[in-house]
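*Asks:* Sequence and predicted structure are below.
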Amino acid sequence: MGRTQLSVSEIGLGSWVFGGDAWGDDVNDERSCEVVRTALDKGINFIDTAPVYGHGRAESIIGRAVSQRDRVVIATKCGLERKGRSFRPNLSAAFVRTDLENSLRRLRTDHVDLYQCHWP
């Protein structure tokens, strides 16, 4: 990944569907965990997520599914604040800090490998 020491698989796993929002009520958390574990077993080591995917649900699923943190490169995002069913950009230092702390808690880790602005 760029000039870092991180090596990522050519294919990554996106987690938007894990959140359930736009995908209906039948998204199953255990099935989502199984998808993450199967992807890792098949050699995919890059997982993309965001706090706004299901109000943090996608990050929580990844946190539950990843048992060996050193096997996976996790990318998450910041800067979108949810207000009801809509979102608004918020890149204030306070919001980004809180967003990151919440992401780390849900992901059950002490770091993310790639932290991105979700919306400019």
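*Replies:* Right, received. Where do you want to start? Here the structure is a predicted model, which is why all the values come from computation and not from measurement. Residues are numbered from 1 along each chain as shown.

*Asks:* center of this structure - which residue?
*Replies:* residue 49 (2.3 Å; Cα atoms, centre = their mean).

*Asks:* Could you measure from the closest residue to it other than its chain neighbours over to residue 43?
*Replies:* Sequence neighbours aside, residue 15 is the residue nearest to residue 49 in space, at 4.3 Å (criterion: Cβ to Cβ, 6 or more residues apart in numbering). (Glycine included, C-beta is placed from N, CA and C.) In this structure, residue 15 and residue 43 are 18 Å apart, going by Cβ to Cβ, to the nearest Å.

*Asks:* ok, now residue 64?
*Replies:* 21 Å.

*Asks:* more crowded one of these two?
*Replies:* Higher neighbour count among residue 64 and residue 43: residue 64, with 16 against 9, using other Cβ atoms under 10 Å.

*Asks:* other SSEs contacting the longest helix anywhere in the chain?
*Replies:* Assignment by DSSP state H gives helix 93-107 as the longest helix of the chain. Counting by 3 or more Cβ pairs under 8 Å, 6 or more residues apart in numbering; DSSP states H and E, the packing neighbours recorded for helix 93-107 are helix 57-65, strand 73-78.

*Asks:* The ones you listed: which one's closest to residue 6?
*Replies:* Within the helices and strands packed on helix 93-107, the stretch nearest residue 6 is strand 73-78; the backing value is 5.5 Å (Cβ to Cβ).

*Asks:* re earlier: the residue nearest to the centre of the chain: what's it in contact with?
*Replies:* By Cβ atoms under 8 Å, 6 or more residues apart in numbering, the contact list for residue 49 reads 14, 15, 18, 58, 59, 62, 74, 75, 76, 77, 107.

*Asks:* cutoff 7 Å now
*Replies:* By Cβ atoms under 7 Å, 6 or more residues apart in numbering, the contact list for residue 49 reads 15, 58, 59, 62, 76.

*Asks:* Confirm for me that the fourth one is in contact with residue 36.
*Replies:* I take that to be residue 62. Yes - the pair residue 62 / residue 36 is scored as a contact, 6.0 Å apart, by Cβ atoms under 7 Å.

*Asks:* For this protein, which element, helix or strand, carries the lowest mean pLDDT?
*Replies:* strand 80-83 (a mean of 88; mean pLDDT, DSSP states H and E).
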